[in-house]
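Q: Fold the following, please.
(chains A and B)
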Amino acid sequence: MNYEAVIGLEVHVQIKTKSKIFTRVAAGYGHEPNTLTDPVVLALPGALPVMNKAALDAVIKAGLLLGCDIAPVCKWDRKNYFYPDSPKNYQISQYDQPICLGGSVEIELPGAARNLLGQHKKIPLTRIHLEEDVGKLNHGATDSLVDYNRAGTPLMEIVSEPAMHTADEAFAYLTSIRATMIYGGISDCDMEKGQLRCDANISIRPVGETKLGVKVELKNLNSISFVRDGIAHEIKRQLAVVERGGTLVQETRDYDGQAGTSQSLRSKEMAHDYRYFPDPDLMPVKVDEAWKQKLRTECPELPFAKQERFFKDYQLPYTLTSVLVWDKDLADYFEEAAKLSGKPQAAGNWIVNDLLRELGAAKLDLLTSKVRPTHIAALVQLVDSGAVLTHAAKEIFVEMFATGDDPGAIADRRGLKAAPTDAGELEQWCRDSIAANAKALAEFKAGKDSAINAFKGSIMKAAKGKANPKLVDETLRRLLAAS
Amino acid sequence: MSSELFLRPITELATALDEKKLSSVELTQTVIARTKAVDGRVKAFNSFDESDALTQAAASDARRAAGQARGPLEGIPIGLKDVIAVTGQPLTASSKMLANFVSPYDATVTQKLKHAGAVLWGRLNCDEFAMGSSTENSAFGPTGNPWDTTRVPGGSSGGSAAALAAGEAIATLGSDTGGSIRQPAALCGVVGLKPTYGLVSRYGLIAFASSLDQIGPFARTVEDAAIVLGAIAGHDERDSTSFKTDIPNYRAELATRKGPWKLGIPKEYFGEGLDPEIATAVEQAITFYQKQGCEIKEVSLPHTRYCLDTYYVIATAEASSNLARYDGIRYGHRSKNAADAVDLYSQSRAEGFGPEVKRRIILGTYVLSSGYYDAYYLRAQKVRTLIRQDFLNAFRDVDALLTPTSPMPAFKIGEKADPLALYLCDIYTIGVNLAGLPGISVPCGLTKSGLPIGAQLIGQPFQEANLLALAHAYEQAHEWRNQHPKL
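A: Predicted structure coming up:
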C-alpha cells in the first residue's frame, strides 16, 4: 500500500518589542539571569498584567501579512499548568478566540534545477494567537536553576492546517514564515536564541484516504534543518512501524537533532487538562477598522510578490531574484542600484556575485559595507560605457570594497580605464588587422557576423588590452562596411 | 482632645493636627499604646512595625511644619489588611504559605495613601487569602470581636474591622470579594465601603477572585470613609480592570447630594434566616428614610437565590488559578520533605495552605476541568449576568437599595464548624460583588446583648457619592457612631 504523510506545524515566534507583553520591564536575550524581572514577571503576590499594545500590533500585522481574518476583539485566557519555568503556573494565552483566523503561508518548493523556479503552494493556516513566553530551566548535577528573563516575552503561535506532505514543504513553510516575520519587523527569528521554535504534528495515511491517521507531535526541532530532518525521520519511522504490521500510538516525541533519533515523551493518556478560562485580570481589547488600516499601511511587500515584480520590472533571472528577495535590506539595496545604474541585471550580478562574496569573506553585513548602491551604479556605468573592461572592473570592485572610494577614481588612479583615446591610432590598428585577415574579411562579407571577432585579438594586443571594446567594434564595422 | 484620641474620627483629628493641637507622632504613639494594651485580646494584627510608623509620623509632622501637608489623611495612622503590599513590610495573607514573605513593592493603594501623607500602621489579620467570613481561617489564629472577644469580628477583613473598632487604628483598608468589608464592618459596628468594581486599583492586592475583589475603607464615620475612598480611588495603568472615570470630591459631595432619594427594598433580602433583631433595626432605618421624604419601593431581585452557588463557582475557579503561583519555587513556603519538582509543589502547597483554601482550590479546579466547564463555570457566568441585570432593572426605579448587611450578629468563635453554615453569612453581600456594584455597611443599632448591627446600602455603578450621602444622612441622625466597645 502507498502512504502519504500529513504534516501540520505549530510555530512559535517571539515578537521583538522593547518591553515584555504584560509589564514594562525590558525584553531581551543574553542578560544576567533574572535581571529582566519585576513583580509581574516573578508573579509576586498582588502583581497584575497590563497588555503591551506593541505586541498586539505585531501579531495583527503578522495576520494581515498572511491574509488572516483579524478578530474584532482581542480576548485573553489562562492556560493552567504547573511547571517551574512558568511563574504564575498559568500562561496568559488565547484559547477560543485567537486574534487571527485563517490566512495562508505561500511557499516555494525546490525547482527541477537550482536555477529554475520551483512550484508555489499556499499552506492554509488555522490560526495565530498571542501569548507569553515562559522562563528557562538550567539543570545542574544536583539541582535545577530557573531564569525568568525570557518569561513574559511576547510570543505568537502560528498554527497551520494539516496540509503539508513532505519535509521539504515544512522546510519551505518555515523559511517563508521566517522571511515574512523579518520583513514585517515582527521578529528576528533567530532560532539559536529561541526566537523561532517549531513543533510538528505528523501522521501517515494510505493515499486516497481523507481521514487523518494517528498523530505524533514532534518537539525540539531547534533549527530549520532539524525541522526537515526530524520530520523526514518521523515519517520514515511511522512507515516502518506500519510496514512491519505495528500500530502507531498518539504520543509526543522528542527529536534529537544531533543523533538524528527521537524518543517518546508522553502518550495521549498523560495529556494535560489546561482548564482554560477567560483571564479576569485583562479586559478584552477592541480592534477596530482604523487600527487595522493603520497597520496595513505598515505592511511591507513580501518576498514572493517582490520576486514577481523583479521578474516583471527588471527582467531579472530566477537565480538573482532567489538570492535578492529573501533579504529585505538586500532587495532594497539592489533596487536603488538598479535605478541609479539603469542596468538592473548588471547591478544584480555585481551584488549577488561580487558584493555578497566579499561581504561573506570579510564577515561584514550589507548595512556596514562601504560599497553603497551609488558605487555599484557607477561601476555598472563604467563597464557599460566601455570605459572599463570587465576584468579591470573586478579589480576595481575589490579596491572599492576595501576603501569605499569612487570606482572611476580608482580606475584613474590605478590606470585601469580603457585606452587609447586617440581615434586615429585605433583606426590604424583596425585597418592593419583587416588587411592581415583576408579569410575573416571574406567570411564577414559573406554574412558571418561573428567573423568580426577574428580582427579583435590583434587590435587588443596592439592596445595592450586597454582598447575600448565598444569603440573597437564600431570602428571595425565602419571600416569593414567601406572595404 | 479627649483622652481617647484613638476613637476619634479622621475629621476631628485632622483639624487638631492642622491646628497644631496634636502631632502625628503623638497620635501614632497613642495608637501604638492602645494597640499594645488591647491587641493581646483582640488579636487584630499579624504584625506591626512601631519604629517604622513613628518614622512616618515624624516625616508627616516635618511636612506639616514646612507647610507641605497633603490633606486630611496627613499624619493619620491607617492599618492595612495583610493582603495589601507595602514595601519592606510582611505580606502574609494570614497564610503559612507567606508567613515569611516581605513585599518588595507597594500596592497602588499603598502608594496613594503614602502620597496622601498617611502613616501606614500594621498588618491586619484576615481569613487566609481572604477566604472566609469570620477570620477564623487565619493561619495565625482568630481575631476577637472588640464588642465580645469570644465572638468573631466577621471576615475576611476581620482584623481591619476589629482594629478600627478597638481604637488600634484611625481607619483601615480591607478587601471585599463577597462581603469581606461590609460584613465585618456590620459585626464590629463601623462603616465599611466596598467600591464599584474598577474604582480602586487591585495592583498589589493579593488576588482571591480577580473579577470580584475590591479594596475599600473601614472608617468610624461615613465622612471618614469618603475621605479615604477619595485618596485611594482612581484609574491605575497597572490594573487593566480599573476604570477611567472622574473621581468626585466625595467628602464635599456629602453636603451637596440631598435627594430626594428613591430607595428600593429587595424583598428577597428579608426572608428566612434573618435574625429578627436585625430585621427590626433595618426596618427602623427604612422608616427613617421614609420620614426624610424618601420614596420607599419594594423591589425584586429574582435571581438572588442563585447568588451563593454562582459565587462559589466563579470565586473558587479564579482562586484555583490565582493561587497556583504559591508553589515554593520563587518565594513562600517550601517543603523540606520534597523528593522532586512535582513533589515540591504538592508538599509545599499541602503544608502551606489551610483547609478552607484547599477546599476552594479543589472546588475551583473541579469546575474548570474539561467536561465540567460548561456545566459550572460557563453557566455561573451566565447567571452572574442575570444577577447583575436584576440590580440594573431595580435601579431603573430606585437610586439605591437598602438591606441588612449580615443575616446574623457576631457569633462565637468556633460556633460554625460547617463551612456551608459560614458561607451563609454572605447571602446579602455576595450579589453586590457579582454585579460589580458599590455597597456600604453603616451601623444601625445594637442587639439586646449589645452586639452591633449593620444596614447595607447598595448603589448604582460608580455612584459612590450618592451612596455616601445617603449613608451620611442616616448616620448623622443617629448616635451609633458614638458607641464604642468596652475593652
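Q: show me where pLDDT drops low in the stretch 351-483 of chain A?
A: Judged by pLDDT under 70, the stretch 351-483 of chain A has its weakly predicted residues at A:419-422.
Q: residue in it nearest to chain B?
A: A:L367 (36.7 Å; Cβ to the nearest Cβ). Just so you know, the C-beta spots here come from the backbone N, C-alpha and C atoms, and that holds for glycine as well.
Q: Could you check how far the nearest residue to that residue once chain neighbours are set aside is from chain B?
A: Leaving aside its chain neighbours, A:L367 sits nearest to A:D329 (6.3 Å; criterion: Cβ to Cβ, 6 or more residues apart in numbering or on different chains). Going from A:D329 to chain B by Cβ to the nearest Cβ, to the nearest Å gives 37 Å.
Q: So A:D329: helix, strand or coil?
A: The three-state label given to A:D329 by DSSP: H, G, I helix; E, B strand; the rest coil is helix.
Q: Contact partners for A:A163?
A: A:6-8, A:123-124 (Cβ atoms under 8 Å, 6 or more residues apart in numbering or on different chains).
Q: which one's the longest helix in the chain?
A: I went with chain A, as the question did not name one. Secondary structure of chain A per DSSP state H: the longest helix is helix A:224-243.
Q: that's the wrong chain, I meant chain B
A: helix B:24-42.
Q: Pull out the buried positions in whichever helix or strand comes after it.
A: Of the helices and strands lying after helix B:24-42 in sequence (DSSP states H and E), the nearest is strand B:45-47. Of all the residues in strand B:45-47, those buried under the rule 16 or more other Cβ atoms under 10 Å in any protein chain shown are B:45-46.
Q: Direction included, what does strand B:45-47 pair up with?
A: strand B:119-124 (antiparallel) (DSSP bridges).
Q: Where does the residue of the stretch 351-483 of chain A closest to chain B sit: helix, strand or coil?
A: helix.
Q: how near is it to A:Y183?
A: A:L367 is 16 Å from A:Y183, where distance means Cβ to Cβ, to the nearest Å.
Q: More neighbours: which of these two?
A: A count of neighbours by other Cβ atoms under 10 Å in any protein chain shown puts A:Y183 above the other of A:L367 and A:Y183, at 20 against 7.
Q: I'd say that one and A:A305 touch.
A: No: A:Y183 is beyond contact range of A:A305, at 10.3 Å (criterion: Cβ atoms under 8 Å).
Q: pLDDT below threshold where in the chain?
A: Just so you know, I chose chain A. A:269-271, A:419-422.
Q: switch to chain B, that's the one I care about
A: Using pLDDT under 70, the flagged stretches of chain B are B:1-3.
Q: run the last query once more with 90
A: B:1-3, B:258-260, B:271-272, B:339-342, B:371, B:417, B:419-422 (pLDDT under 90).
Q: Strands along that one, start to end?
A: B:45-47, B:77-81, B:119-124, B:171-176, B:191-194, B:214-219, B:262-266, B:295-299, B:400-404, B:439-446, B:452-459 (DSSP state E).
Q: any idea which of those is most buried?
A: Burial of the strands of chain B is given as mean neighbour count (mean count of other Cβ atoms under 10 Å in any protein chain shown); strand B:191-194 ranks first at a mean of 34.
Q: For the residue found closest to B:K416 once you drop the neighbours it is linked to in the chain, grab the count of nearby residues.
A: Among residues not flanking B:K416 along the chain, B:L422 sits closest, at 4.9 Å (Cβ to Cβ, 6+ apart). B:L422 is flanked by 21 other residues according to other Cβ under 10 Å.
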